[in-house]
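Peer 1: A structural model of the following input is requested.
(chains A and B)
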Number of protein chains: 2
Amino acid sequence: MDNKKISLAVIKRLPRYYRYLGDLLDNDIQRISSVELSKRMNITASQIRQDFNNFGCFGIQGYGYNVESLYKEIQTILGLDVNHKLIVIGVGNLGSAILNYKSFKNRGFEIIGAFDNSEEIIGKTIADKEVQDIKNLSQFLDKNKVDIAVLTIPSDACDKIIDILSVNGVRGVWNFSNSEIEVPSYMMQESVRLSDSLMTLSYRINEEEILKKYPRG
Amino acid sequence: MDNKKISLAVIKRLPRYYRYLGDLLDNDIQRISSVELSKRMNITASQIRQDFNNFGCFGIQGYGYNVESLYKEIQTILGLDVNHKLIVIGVGNLGSAILNYKSFKNRGFEIIGAFDNSEEIIGKTIADKEVQDIKNLSQFLDKNKVDIAVLTIPSDACDKIIDILSVNGVRGVWNFSNSEIEVPSYMMQESVRLSDSLMTLSYRINEEEILKKYPRG
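Peer 2: Sure thing, here's the model as predicted:
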């Protein structure tokens, strides 16, 4: 397996495979063919076979894939077999929603701290976490190893926070702010752009009208 | 322009262009070359030129693109020059965050109603909207034209809601639930998968370790 290469395009598809395979496991389905999976996921069977071949999972003719081993393989590739420690910075509505989101923990993402700068929010308990003063962030990071910081703060407040996170060894930033933020090269940033998703939906419900103006193939 | 075709891959990139061009306008930048835009956006200049050529926007040698006309063109293609009426179904933390999100309105997305089934939430006022009983949804849709429903409810509660939405002419569903939901073919669904984004981040911060096991090119 040492000579196999996995492209980033395949990596980007893995979370979706992981979700579908997890659903199959929950429903006690032990094996599945690429054709069946293709129908459920709306991807071609040959694409599925190619993707799985990349990391050495070959289906068996007349049997298909073993769901559990495929699931575990993808789990390892995505680094989900490792426990990750998270903190949430900014405990407004969105931060609270993330603190309350239960399915993260099942995937090895454990939230160990929550921070805000508002007097009204500091000291509150949300999903069993007491919200701490953002002033204590450095001190907290000094005592606790944190892998990922979830930022639900305005983008102009991000720079100062990124400085503190980076000197304290936080590797990942999950960014919910409106703008792209700058992080040092040894940090990874993944952004959730709610507006982009809503704009794509807008296109799709207006597609018919729009295509009269700009036909596409 | 009638014979130009725009592929879905281009459409998917438009929200990001739109965001960047909007930032340029906010900063009073009136024109930009594909090379400058390429540096800011981390896409190749030739990709940018190709994308814009698709809808008939050609840069001028030595001048570049007129930011405002490009911005307005993309706005039209995305259907953002049309005002959209939205309702939010499920007013937990995430629903509240969406009700409070200010930048939607600037892009023509107006939230005109909020619904929940919990006695504790019905009647509360959030971002100037009084949360209504979900039982009144049909009646509300009967009186108000709604384009998009934002679903922040558990996936097993979606089917019943989709039925009500679809018979009342709601065209778009912005789905925040964990599973893919089924919608009739005349409705469009756009899903926000927070877990997928977090899993991709997990891969990226663990990439070095993972690549020792599965090298990629």
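Peer 1: going forward, measure contacts between C-alpha atoms and count neighbours the same way
Peer 2: Noted.
Peer 1: Looking at chain A, which helix is longest?
Peer 2: helix A:8-26 (DSSP state H).
Peer 1: okay, and for chain A, where does confidence drop off?
Peer 2: In the predicted model, chain A carries pLDDT under 70 at residues A:1-5, A:214-217.
Peer 1: For it, which segments are assigned as helices?
Peer 2: Going by DSSP H, chain A shows helices at A:8-26, A:34-41, A:45-54, A:67-77, A:93-100, A:103-106, A:137-143, A:158-167, A:194-205, A:207-213.
Peer 1: which other residues reach the longest one?
Peer 2: Think helix A:8-26. A:30, A:41, A:51, A:67-68, A:70-71, A:74-75, A:78, B:196, B:199-200 (CA atoms under 8 Å, 6 or more residues apart in numbering or on different chains).
Peer 1: so residue A:63 touches residue A:32, yeah?
Peer 2: Yes. Using CA atoms under 8 Å, residue A:63 is in contact with residue A:32, at 7.4 Å.
Peer 1: the more surrounded of these two?
Peer 2: residue A:32 (18 against 10; other CA atoms under 10 Å in any protein chain shown).
Peer 1: what bridges to that one?
Peer 2: residue A:65 (DSSP bridges).
Peer 1: you'd agree it is up against residue A:61?
Peer 2: No. At 11.1 Å, residue A:32 does not count as touching residue A:61 under the criterion of CA under 8 Å.
Peer 1: sorry, back to before: next, format the helices of chain A as JSON lines and append mean neighbour count and distance to residue B:114.
Peer 2: Shown next, in JSON lines, are those (neighbours: other CA atoms under 10 Å in any protein chain shown; distance: least, CA to CA, whole Å):
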{"stretch": "helix A:8-26", "mean neighbour count": "17", "distance to residue B:114": "30"}
{"stretch": "helix A:34-41", "mean neighbour count": "15", "distance to residue B:114": "32"}
{"stretch": "helix A:45-54", "mean neighbour count": "17", "distance to residue B:114": "40"}
{"stretch": "helix A:67-77", "mean neighbour count": "18", "distance to residue B:114": "38"}
{"stretch": "helix A:93-100", "mean neighbour count": "21", "distance to residue B:114": "15"}
{"stretch": "helix A:103-106", "mean neighbour count": "12", "distance to residue B:114": "25"}
{"stretch": "helix A:137-143", "mean neighbour count": "14", "distance to residue B:114": "36"}
{"stretch": "helix A:158-167", "mean neighbour count": "15", "distance to residue B:114": "31"}
{"stretch": "helix A:194-205", "mean neighbour count": "20", "distance to residue B:114": "17"}
{"stretch": "helix A:207-213", "mean neighbour count": "14", "distance to residue B:114": "26"}
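Peer 1: Export those helices as JSON lines, with columns for distance to residue B:9.
Peer 2: Shown next, in JSON lines, are the helices of chain A (distance: least, CA to CA, whole Å):
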{"stretch": "helix A:8-26", "distance to residue B:9": "14"}
{"stretch": "helix A:34-41", "distance to residue B:9": "19"}
{"stretch": "helix A:45-54", "distance to residue B:9": "18"}
{"stretch": "helix A:67-77", "distance to residue B:9": "26"}
{"stretch": "helix A:93-100", "distance to residue B:9": "30"}
{"stretch": "helix A:103-106", "distance to residue B:9": "30"}
{"stretch": "helix A:137-143", "distance to residue B:9": "41"}
{"stretch": "helix A:158-167", "distance to residue B:9": "31"}
{"stretch": "helix A:194-205", "distance to residue B:9": "11"}
{"stretch": "helix A:207-213", "distance to residue B:9": "14"}
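Peer 1: Who are the contact partners of residue A:123?
Peer 2: A:130, A:131, A:132, A:133.
Peer 1: so who does the second one touch?
Peer 2: Residues touching residue A:131, when contacts are defined by CA under 8 Å, 6+ apart, comprise A:91, A:113, A:114, A:115, A:116, A:121, A:122, A:123, A:124, A:125.
Peer 1: Closest one of the residues you listed to chain B?
Peer 2: residue A:91 (10.6 Å; CA to the nearest CA).
Peer 1: List the beta-bridge partners for the closest residue in space to the closest one that isn't next to it in sequence.
Peer 2: Closest residue to residue A:91 apart from its sequence neighbours, by CA to CA, 6 or more residues apart in numbering or on different chains: residue A:116 at 5.8 Å. With DSSP bridges as the criterion, residue A:116 is bridged to residue A:133.
Peer 1: ok, the closest residue to residue A:33 other than its chain neighbours - contacts?
Peer 2: Leaving out its chain neighbours, the residue that sits closest to residue A:33 by CA to CA, 6+ apart is residue A:64, at 4.0 Å. Residues in contact with residue A:64 (CA under 8 Å, 6+ apart) are A:31, A:32, A:33, A:34.
Peer 1: Please look at residue A:100 and residue A:125 and confirm they touch.
Peer 2: No. Assessed by CA under 8 Å, residue A:100 is found out of contact with residue A:125, at 11.3 Å.
Peer 1: do you know how far residue A:39 is from chain B?
Peer 2: Residue A:39 sits 14 Å away from chain B, taking CA to the nearest CA, to the nearest Å as the criterion.
Peer 1: can you pull the contacts of that residue?
Peer 2: Per CA under 8 Å, 6+ apart, neighbours of residue A:39: none.
Peer 1: re the thing from before, list buried members of the contacts of residue A:131 by neighbour count.
Peer 2: Burial by neighbour count, 16 or more other CA atoms under 10 Å in any protein chain shown: within those this picks out A:91, A:113, A:114, A:115, A:116, A:121, A:122.
Peer 1: Just the ones of these in strands?
Peer 2: Mapping those onto strands (DSSP state E) picks out A:113, A:114, A:115, A:116.
Peer 1: measure the last one to residue A:157 for me?
Peer 2: If I follow you right, that is residue A:116. Distance, residue A:116 to residue A:157, using CA to CA, to the nearest Å: 12 Å.
Peer 1: Also the second one?
Peer 2: Between residue A:114 and residue A:157 the distance, using CA to CA, works out to 16 Å.
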